[in-house]
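Engineer: give me a model of this one.
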Amino acid sequence: MANTPYIPPRVWQWEQGNGGKFANINRPISGATHEKSLPIGKHPLQLYSLGTPNGQKVTIMLEELLALGIKEAEYDAWLINIGEGDQFSSGFVEINPNSKIPALVDRSGKEPIRVFESGSILTYLAEKFSVFLPTTQPERAETLSWLFWQMGSAPFAGGGFGHFYAYAPEKFEYPINRFAMETKRQLDVLDKRLAEHKYVAGENYSIADIAIWPWYGALVKGWLYDAAEFLSVHEYKNVIRWADEIYARPAVQRGRRVNRLQGDPAQQVRERHDASDIG
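Structural biologist: So this is what the prediction gives:
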C-alpha cells in the first residue's frame with residue numbers, strides 16, 4: 001500500500017513532540033523557558049558553547065590566538081547542553097536572543113560586549129587581535145566571502161543533509177537526495193578552490209579555514225553523520241589534503257576537544273578554564 005502523500009493544511013499548527021530527536025527542545029517561538037544566570041569565570045573572554053562544528057570554530061580560533069602568544073585571548077568555555085535546553089535559559093537568551101550556540105561575552109573593557117553567531121565571533125576576535133583576517137584588499141574581501149559562503153552553506157550540510165540522513169525519525173528519499181546533492185556540490189566548490197590555493201582564501205591561513213574546517217573537513221575525515229562512504233568523500237582529494245593539514249595544527253586539535261559531549265571520552269573537555277584543562 002502506497003504511503004498517503006502529505007498535503008499541507010491552509011494554516012500550519014505546531015504539534016508538540018513532532019520533530020524527531022530534537023522534538024523536546026524545538027518550538028516555533030523564541031525567548032527563555034526558565035530563569036538561570038550564566039556563570040562568569042576569571043578571564044576576559046567568556047564563551048558559552050557546545051563542541052558542535054559551529055562551537056568548534058570559536059574554540060579553535062581562541063586556541064590559535066593563544067598559540068600565537070596572545071595572552072589577552074585567555075577564555076572560560078562554559079558548556080551549554082542544547083539537548084537539555086540550556087540555550088533557553090534567561091541568561092543565555094540575554095546574550096543571544098536566537099538561542100543558538102556559540103555566544104561570547106567580552107569583559108575586557110568598561111562594558112561587556114556580547115557577540116553571537118559563529119561567523120560574527122570569528123570576525124570580532126580577528127579584528128580585536130589583528131590576526132587571521134587581512135586588512136588590505138582584495139585579500140580581506142576574499143576571506144570574508146569564503147567565511148560567509150560557509151555561513152550560508154552549512155545549513156544545507158547540517159540542518160538539511162545531517163538532519164534527514166542522520167536525525168529524522170524516518171528516512172525519506174527526496175530530502176536525503178536533495179541535500180546530499182547540495183552537500184556534494186559544496187564539496188566540489190571547495191575542492192576546486194583548494195586545487196589552486198593552499199588555504200581557502202588564498203595562501204594564508206585565515207578565519208575562513210577556521211569556519212569551514214569543522215564542517216567540511218570533518219565530513220571528508222568521516223566525523224560527521226557517519227556519511228563518508230555515502231557521500232563518496234574520497235573524490236575530493238584537495239579537500240582531504242587541506243583537512244589533514246588543518247588538523248595537524250595543535251591549536252585545532254585542542255579547540256576541537258573543548259565543550260565536547262560526543263566521541264571518545266578521553267578527548268572530551270566539557271569545560272575549559274585554563275590551558276591545563278585540555279592537557
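Engineer: may I ask you to name the longest helix in the chain?
Structural biologist: helix 173-194 (DSSP state H).
Engineer: heading C-terminal from it, find the next helix or strand.
Structural biologist: helix 207-212 (DSSP states H and E).
Engineer: quick one: buried residues of that next one?
Structural biologist: Ile207, Ala208, Asp209, Ile210, Ala211, Ile212 (16 or more other C-beta atoms under 10 Å). Every C-beta, even on glycine, is put in place using the N, C-alpha and C of the backbone.
Engineer: wait, the fifth one sits on Ile121?
Structural biologist: No - under the criterion of C-beta atoms under 8 Å, Ala211 is not in contact with Ile121, lying 9.9 Å apart.
Engineer: identify the contacts common to those two.
Structural biologist: Taking C-beta atoms under 8 Å, 6 or more residues apart in numbering as the contact rule, Ala211 and Ile121 both touch Lys57.
Engineer: where in the stretch 101-250 of the chain is pLDDT low?
Structural biologist: Within the stretch 101-250 of the chain, no range satisfies pLDDT under 70.
Engineer: so where do the strands sit in it?
Structural biologist: 103-106, 113-116 (DSSP state E, counting those that start in this stretch).
Engineer: would you turn the ones you listed into JSON lines with mean neighbour count?
Structural biologist: Shown next, in JSON lines, are the strands of the stretch 101-250 of the chain (neighbours: other C-beta atoms under 10 Å):
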{"stretch": "strand 103-106", "mean neighbour count": "23"}
{"stretch": "strand 113-116", "mean neighbour count": "17"}
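Engineer: and these as TSV, adding distance to Ala243?
Structural biologist: Output for those, formatted as TSV (distance: least, C-beta to C-beta, whole Å):
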stretch	distance to Ala243
strand 103-106	26
strand 113-116	27
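Engineer: of all those strands, which one is nearest Trp223?
Structural biologist: strand 103-106 (23.8 Å; C-beta to C-beta).
Engineer: list the neighbouring strands of that closest one plus their orientation.
Structural biologist: strand 45-49 (antiparallel), strand 113-116 (antiparallel) (DSSP bridges).
Engineer: so what's the gap between it and the chain middle?
Structural biologist: Chain-centre distance of strand 103-106: 15 Å, with C-alpha atoms, centre = their mean, to the nearest Å.
Engineer: and stretch 158-169, by the same measure?
Structural biologist: 16 Å.
Engineer: buried ones in that stretch?
Structural biologist: Quick answer for stretch 158-169 (16+ other C-beta under 10 Å): Gly158, Gly160, Phe161, Gly162, His163, Phe164, Tyr165.
Engineer: now do stretch 55-67
Structural biologist: Gly55, Gln56, Lys57, Val58, Thr59, Ile60, Met61, Leu62, Glu63, Glu64, Leu65, Leu66.
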